[in-house]
Every structure is written in structure tokens, then in C-alpha cells.
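Colleague: Structure for this input, please:
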Amino acid sequence: MSNEATANMNNVNIVDHPLVQHKLTLMRRRDTATSKFRQLLREISLLLGYEVTRDLPLQLKTVDTPMEEMEAPVLKGKKLVFISILRAGNGLLDGLLDLVPSARVGHIGLYRDPETLEPVEYYFKVPEDLPSRRVIVVDPMLATANSAVAAVDRIKRAGAAQIKFVCLLAAPEGIERFSTAHPDVPIYTAAVDRCLNSHGYILPGLGDAGDRIYGTK
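Modeller: Numbers count the residues shown, from 1 in each chain. Below you'll find the model as predicted:
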């Protein structure tokens, strides 16, 4: 492995918890039903959320227990922001909101121009005060990373400075592309698969995440 590739992998956090890996295997199966796929993705995203929020700052607050008064830890600072890359990102968003229901939510819509193959933004709506909030960007697949790079570019232009990226699966090509463009944004994923095929799909992968979430193919 080259020095550059090793450096890029240093930016990747693989969540190898047994429950995550078991549920991911069930999602990979061709015969997993749409409803089951959605349920598993929601469960995995909640587990990924534990890891990506592990370093949230805390402060002490006085509370009254049934026994006595104490100083207990609570989250410090402004609420988190989850930003979903449409449409498939919403599948991860649901589980993260189960974990942090008070988080603010943003959406960014991108499609690939059929001639230039470059991502084109068609929707962008995010909470205010991004510069003072921790932002977690979600998309199930980090394949070519073109959409992820464009999304983070746009989010940075909106002022976000503390950003993490969460995906279900990543390809080495996508990791290299994303980490080169945004070396300051750590990646959290359940697995790094072998490679991309000629159509930009992750191998062995699990197919098109959006189609499998919504039953559109």
C-alpha cells in the first residue's frame, strides 16, 4: 500500500462491532426484502451513531435524583446537525435521529449530469449557525465519492467547520478521492469493500442502496 493510500486509510474509522457486521451481512443478501433492508439500515445507523458521536463534549449540570442532588454530565454546546445527501442518505438519517432526536436536520440534493458526469445541486436546505455546530453528513455508499465531495464542498461554503462523514459501505477509490479533497473530514463506515466495477458500483457491495431502501428496482 502506498504512503498516500495509508494516509487516506488513517482518516477512516471502521465500526467493526459484531452486531454491525452481522446486520450488514443480512443487508448484502440479494433476497433481503425492502422492509427488512430499511429496518436493518436504521438499526446499523443507530450503532454507527454511537461511534461518530463518541467525542461529543460534556458539561456538568445540577440535577435532583430521588435520593439527593448531584452534578451530572449533559451534552455541551449547540445541537448537532445531520445532513442527508438525498435520497439514500435518509435511510441513515432515521437511525441517527432515533439516537439524537433533538438534532437539527439538513438536506442536499445532487444528481449526476449525464454528459459531464459531474454532480449538479438541485436542493440545499440546512439549519442556521453551521459554523458553530458539529455537522454529520450521511450517505449509505462512498463509491466514486463525487457526490460526497460535492456535498461537503457545499456544506463548507455554508460555513461548517466541524464535519464528519458517515456511510454504510466504502470503496478504496472513494476513500482516496474523498480524503484527498477533504483530509479534515473523518469517515465512519461499517466496511471497506474491494473495489468499484466499471459502472461505479461497490464490489461485493449490496447493490444500489437507494433502490433497495425504497423498492424502486
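Colleague: could you pull out the strands for the chain?
Modeller: For the chain, the strands defined by DSSP state E occupy 12-14, 58-64, 69-75, 81-86, 104-112, 119-125, 134-138, 141-142, 162-166, 169-170, 187-189, 191-192, 195-196, 202-203.
Colleague: Minimum distance to V149: which of the ones you listed has it?
Modeller: strand 119-125 (8.1 Å; C-beta to C-beta). Yep, even glycine has a C-beta here, placed from its N, CA and C like the rest.
Colleague: how far does stretch 54-72 stretch from start to finish?
Modeller: 17 Å (C-alpha to C-alpha, to the nearest Å).
Colleague: if we look at it, which residues are touching it?
Modeller: 73-77, 80, 134 (C-beta atoms under 8 Å, 6 or more residues apart in numbering).
Colleague: now the strands of the chain in CSV, with distance to R30, mean pLDDT and mean neighbour count?
Modeller: Formatted as CSV, those follow (distance: least, C-beta to C-beta, whole Å; pLDDT from 0 to 100; neighbours: other C-beta atoms under 10 Å):
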stretch, distance to R30, mean pLDDT, mean neighbour count
strand 12-14, 24, 96, 17
strand 58-64, 44, 96, 10
strand 69-75, 41, 96, 11
strand 81-86, 25, 95, 24
strand 104-112, 25, 91, 18
strand 119-125, 29, 91, 13
strand 134-138, 24, 97, 25
strand 141-142, 17, 94, 28
strand 162-166, 25, 97, 22
strand 169-170, 15, 96, 24
strand 187-189, 21, 97, 23
strand 191-192, 17, 96, 18
strand 195-196, 19, 94, 14
strand 202-203, 14, 96, 18
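Colleague: Throw those strands into TSV and include distance to R154, thanks.
Modeller: Converted to TSV, the strands of the chain look like this (distance: least, C-beta to C-beta, whole Å):
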stretch	distance to R154
strand 12-14	22
strand 58-64	31
strand 69-75	27
strand 81-86	10
strand 104-112	6
strand 119-125	6
strand 134-138	10
strand 141-142	17
strand 162-166	11
strand 169-170	20
strand 187-189	18
strand 191-192	25
strand 195-196	23
strand 202-203	23
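Colleague: For T32, which of these is the nearest?
Modeller: strand 169-170 (14.5 Å).
Colleague: Now do the longest helix seen in the chain, average pLDDT.
Modeller: In the chain, taking DSSP state H as the definition, the longest helix is helix 34-52. Helix 34-52 shows a mean pLDDT of 94.
Colleague: Mind listing what's buried along it?
Modeller: Across helix 34-52, burial judged by 16 or more other C-beta atoms under 10 Å covers 37-49, 51-52.
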